[in-house]
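I'll drop the sequence and a predicted model, then ask my questions.
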Amino acid sequence: MLFRVEGFRTSFSNSSAQFLGMLDRRRPEIAIINLQIGEESGILLLRRLKALRSAAIVVMLSDAPNVELAITAVKLGALDVLSKPVDGENLLDIVREAIRENHSGLLPRTERQGPSAPFALTPRETEVLQLIATGQANKEIARQLGISPRTVEVHRARIMQKLGARNTADLVRIALTG
């Protein structure tokens, strides 16, 4: 409902099979997927979606904190993982930013985040990196950005992977030396 009020065309699926069936008729630009869909895993749906070479930007939603699943989702290409209950305005901001990035005339999302561009951080990752470099803890960063501490951990893991940092000290060194 929130997205329709904002002018987005939306579809809703109760199962992975229903969602994948809809892909034949319409390719979404954004997919918001639960990490757990009834008895099914949202991670499996994300894998299937990526196997179909869908360019959809994926935001995952989680009923309960699970850092391992969040990191797996991000490694598989999810843009973000949010804990329920989800702040609607925050979710809308994430979607708007992702759409803006995809339509900005820059490299396609897959090229920006692929191995050929390991230093290409998203605007949110850049914000998190700047706050890490000032010595703030995950909880402080989360509070300042209005996201969950687990989401900060996911961003930190993605940043470390992209920048090739082995630990936080490496990450801060890389951030400060440019």
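The structure has been received and is ready for your questions.

Which SSE is immediately downstream of the lowest-mean-pLDDT helix or strand in the chain?
Lowest on mean pLDDT, DSSP states H and E among the helices and strands of the chain sits helix 109-113, with a mean of 38. Going down the chain from helix 109-113, the next helix or strand is helix 123-133, by DSSP states H and E.

Which of the residues in that following helix are classified as buried?
Buried residues in helix 123-133, counting neighbours by 16 or more other Cβ atoms under 10 Å, are found at 124-125, 127-129, 131-132. To be clear about C-beta, it is placed using only N, CA and C from the backbone, and glycine gets the same treatment.

give me the element residue 89 is part of.
Secondary structure assignment for residue 89, by DSSP H and E: helix 88-102.

name the helices or strands packed onto that helix?
When contacts are defined as 3 or more Cβ pairs under 8 Å, 6 or more residues apart in numbering; DSSP states H and E, helix 88-102 packs onto helix 2-5, strand 30-34, strand 57-62, strand 78-83, helix 109-113, helix 123-133.

angle of that helix against strand 78-83?
Orientation of helix 88-102 against strand 78-83 (axes from the mean of the first three to the mean of the last three Cα atoms, to 10 degrees) gives an angle of 180 degrees.

Only the buried residues of helix 88-102, if you could.
Applying a neighbour-count criterion of 16+ other Cβ under 10 Å, one finds 90-91, 94-95, 97-98, 101-102 buried in helix 88-102.

Residue 16 is nearest to which of the helices and strands packed on helix 88-102?
For residue 16, the closest of the helices and strands packed on helix 88-102 is strand 30-34, at 8.8 Å, according to Cβ to Cβ.
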